[in-house]
Structure formats: structure tokens, C-alpha cells
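>>> sequence isn't available, so here's the structure alone:
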């Protein structure tokens, strides 16, 4: 089963039946190597039908963390902005740094501006790696969240102010025009 899932992913089959077979394996097989292979294959096939099953894996707190992290990465590769709000919801509840980092990276690469307020909030966290990922993600958003970052300059929390200043500096001239 593991090899079959890998093969389908490598071939890049976008066929409905292939995605259905893979998602069936994902929900009915508890063997971790099979789940890993299925998730990777679903991320490669690029079919919108893979989004919901992958989101269910990400949201399932009973699943092993490694499997949930792989599902976040698969969603990132699929690049479907419909997942933004559900990833934000999972991010707000998550506590494991590696899982949170993966979600933040995915949000940045989805480039959905709806994630900007959540990412700005993360700029106040103690974990430097998490803050760095949030900064990187904010720089990827389109349109750039310049107004939100300008407002963050007035935040009472020094970490948020520093990060906002740093990000506005990186954005450069477009930010300068709005600051004036």
C-alpha cells in the first residue's frame, strides 16, 4: 500500500478515482508509513479533492504529530487559499512549535491577506523561531499588510513594534509612502 501511494503521487495522477482511493487509505489505515506516503501523494497530485481529507488530518488532534505536520506541508504544496481560515483556527489552538511553524509557513505561501492579523499577533510570542516564521509569512502576503504593520508600530508590546518596524523596512518604498 505504501509503495502504491508513493507511485500514484510520483505519477501525479489527478484522477478522481485515484484521489478517492488515496483518501480512503488515509482514513482506513493506521500504519504510519502508509499514512505518510498517502499524504505526500495527495500533496503531489494537485487535485482540489485532496484538500478536505488533508484538512481533517491537520485538525485531528488524535493523529500523530508527524502525520499532521506532513498534512500541513501537503496543503501548502496544493496552494489552495480556501484552507486559510481553518489553518488559522488550528494554529490558534496548537502549542507544539514545529507544528505551528509549519502552519505559519503554509499561511505565508498561500499569500492570503486574511492571515495577516493572526501573523501580526504571533510577532509578540517568546519563541524566536515562531516570530521569524511569522515575519517571513507576512512578507509573502499580497497585498502586503502595510496598514496593519503601521498600526502595529503603536502596539504596546515591544516585540510587536520591533517586528513591525523591521518588516516595514524590508517592504521599503511602498511602506514609506503610506507612513508619510
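On my side now, so go ahead. Since this is a predicted model, take the numbers as computed values, not measurements.

>>> what residues of the helix or strand hosting residue 133 count as buried?
Assigned by DSSP states H and E, residue 133 falls within helix 128-140. Buried positions in helix 128-140, judged by neighbour count with 16 or more other CB atoms under 10 Å: 130-131, 133-138, 140. No exception for glycine: its C-beta is placed from N, CA and C like everyone else's.

>>> next secondary structure after it?
Going down the chain from helix 128-140, the next helix or strand is helix 146-152, by DSSP H and E.

>>> looking at the buried residues of helix 128-140, which one is closest to residue 108?
Residue 108 has its nearest neighbour among the buried residues of helix 128-140 in residue 137, at 2.8 Å by CB to CB.

>>> distance of that closest one from residue 130?
11 Å (CB to CB, to the nearest Å).

>>> what is in contact with the two at once?
The contact sets of residue 137 and residue 130 overlap at residue 104 (CB atoms under 8 Å, 6 or more residues apart in numbering).

>>> tell me how many other residues crowd the closest residue to residue 84 other than its chain neighbours.
Distances taken as CB to CB, 6 or more residues apart in numbering put residue 112 closest to residue 84, at 4.2 Å, once the chain neighbours are dropped. With neighbours defined by other CB atoms under 10 Å, the count for residue 112 comes to 20.

>>> one step back: nearest to residue 107 among the buried residues of helix 128-140?
residue 137 (5.4 Å).

>>> just checking, the closest one touches residue 112?
No. With contact defined as CB atoms under 8 Å, residue 137 does not reach residue 112; the gap is 10.2 Å.

>>> residue ranges with poor pLDDT in this protein?
For the chain, the stretches flagged by pLDDT under 70 are 1-16, 29, 180.

>>> residue closest to the middle of it?
residue 106 (2.4 Å; CA atoms, centre = their mean).
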